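Enquirer: Model the structure of this input:
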Amino acid sequence: MSRRRYASQRGITLIVGLIFLVLITIMVTMAFTLNKGNLKSVGNMQARNESIAAANQAIESVLSAQLAAWGNSALPVGGTVLVDVNKDGTNDYSVVVGTPTCVKSTMQGISGTGMHSSVTLGASFDITNNYVTLWEMVATVSDLRGSGASVVIKQGVSATLTKSQYEGLQSTGSLGC
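Expert: Have a look, this model is predicted:
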């Protein structure tokens with residue numbers, strides 16, 4: 001009689017073992033699928049952050065060229081900047097920076113009668129006829145590596161212009177504010 005019990009239990013052990021094997025396989029497959037989705041999300045966030053960094057770098061590059069041009073009362077222009085984010089010698093992003101648009105300008109007027117300072121700044125430092133201007137710069141970033149990442153960044157930039165720079169930009173019609 002005892003042999004019959006053992007013989008019937010051998011089949012049940014095999015079935016229980018197969019059920020556990022199937023459950024473990026399902027759990028491993030689900031874990032792999034979840035990790036694959038998380039990896040894609042992290043990759044997308046990294047591409048977005050790199051795109052934003054490339055846009056900021058391009059805006060700073062164009063802005064530094066603009067400040068030199070404003071010294072000659074030249075028309076502000078945009079441009080295309082290629083950015084190598086990881087510094088491997090290959091351009092990673094193409095950034096198109098639009099023409100800066102003047103949003104607001106205010107004359108910075110300080111009269112000499114109301115100043116309460118004993119410090120003399122000298123004749124070369126004259127802030128009575130400067131204009132504080134606010135410019136909007138728009139940068140559109142495209143990934144050159146084929147990931148399809150694309151970001152549009154709008155950034156406000158403040159620039160202080162001398163009276164002659166301000167009037168020169170106004171005469172070209174590019175100031176608009």
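Enquirer: Pick out the residue nearest the middle of the protein.
Expert: For the chain, the residue nearest the mean C-alpha position is I52 (1.5 Å; CA atoms, centre = their mean).
Enquirer: Just give the number of residues close to the closest residue in space to S61 that isn't next to it in sequence.
Expert: Using CB to CB, 6 or more residues apart in numbering and skipping the chain neighbours, the partner closest in space to S61 is V81 (5.4 Å). Every C-beta, even on glycine, is put in place using the N, C-alpha and C of the backbone. Around V81 sit 22 other residues, with neighbours defined as other CB atoms under 10 Å.
Enquirer: what sits up against whichever strand or helix holds V81?
Expert: Per DSSP states H and E: V81 is located in strand 79-83. When contacts are taken as CB atoms under 8 Å, 6 or more residues apart in numbering, the neighbours of strand 79-83 outside the stretch itself are 54, 57-58, 61-62, 65, 91-97, 144.
Enquirer: hmm, 6 Å instead?
Expert: 54, 57-58, 61-62, 91, 93-97 (CB atoms under 6 Å, 6 or more residues apart in numbering).
Enquirer: Can you classify G11 by secondary structure?
Expert: helix (DSSP: H, G, I helix; E, B strand; the rest coil).
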